[in-house]
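Chemist: Structure for the following, please:
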Amino acid sequence: MSWPKPVETLWRDLESVRAEVLREVEGLSQRQAEWRPTPRDWSVGEVIDHLTIAEIATGKLTTKLTKETAPAVFPHDVTEFAPLPISVSEAANAPESVWPTHGKPLAELLATLKATRERSRQSFDRLAACDPRALRFKHVRLGELDLAQWWRLAAEHDRVHLGQLRDLKRTAGFPAG
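Modeler: Next comes the predicted model:
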């Protein structure tokens, strides 16, 4: 399916930041994936698990919102999507519903992350076939967002955690292998 330009642009952004996340964790050992600077901090594996859980939730939201409305066509007057209402450049406390599990095998975490992204492509097919401005749902911290903003948030969320992964790997005590 050919997508409207704003949908394609958003997908490329999601894919770009996800590729950076994958490059950042490529070649890490299980020991490195489970290491935490402090008991309160997340490990690399937990960050990956959290990204997966959050993306699954956005995919489910897409399904819910697109099923609850009458079929629509992507509006031809939309050349770009609305920005997020505030910057998402810093970490915030994640709701318990998207907390990760510690100690999962890294290979399994990465396979699940990649499979989730494949399913997200189906969500983008739905996004491309509706007016995302009309599909709204309240975010815990950001308030009411339209469906495109939820996916923009997914890309920004990956960016925030990409920084977290890089910081983790630079932290004193991070295992050598």
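Chemist: give the contact list for the nearest residue to residue 137 once chain neighbours are set aside.
Modeler: Using Cβ to Cβ, 6 or more residues apart in numbering and skipping the chain neighbours, the partner closest in space to residue 137 is residue 61 (5.9 Å). The C-beta positions use only the backbone N, C-alpha and C, and glycine is treated the same way. Contact analysis of residue 61 by Cβ atoms under 8 Å, 6 or more residues apart in numbering lists 137, 147, 150.
Chemist: what does residue 157 give?
Modeler: 51, 54, 88 are the contacts of residue 157 under Cβ under 8 Å, 6+ apart.
Chemist: just checking, it is part of a strand?
Modeler: No: judged by DSSP: H, G, I helix; E, B strand; the rest coil, residue 157 forms no part of a strand; its state is helix.
Chemist: State the distance from it to residue 85.
Modeler: 15 Å (Cβ to Cβ, to the nearest Å).
Chemist: quick one on the thing from earlier: quick one: what helix or strand has the residue nearest to residue 137 in it?
Modeler: Assigned by DSSP states H and E, residue 61 belongs to helix 44-67.
Chemist: roughly how far is that helix from the heart of the chain?
Modeler: Here helix 44-67 is found 7 Å from its chain centre; the criterion is Cα atoms, centre = their mean, to the nearest Å.
Chemist: Just to check, residue 131 is in contact with residue 72?
Modeler: Yes: between residue 131 and residue 72 there is a contact under Cβ atoms under 8 Å: 4.9 Å.
Chemist: What strand or helix carries residue 81?
Modeler: Per DSSP H and E: nothing holds residue 81, as it lies in no helix or strand.
Chemist: which residues touch it?
Modeler: 6, 10, 132, 146, 148-149, 152.
Chemist: What of residue 175?
Modeler: Residues counted as contacts of residue 175 (Cβ under 8 Å, 6+ apart) are 29, 31-32, 35.
Chemist: Next one: the closest residue to residue 138 other than its chain neighbours relative to residue 62, how far apart?
Modeler: Spatial nearest neighbour of residue 138, excluding adjacent residues (Cβ to Cβ, 6+ apart): residue 144 at 5.3 Å. Distance of residue 144 to residue 62, given as Cβ to Cβ: 16 Å.
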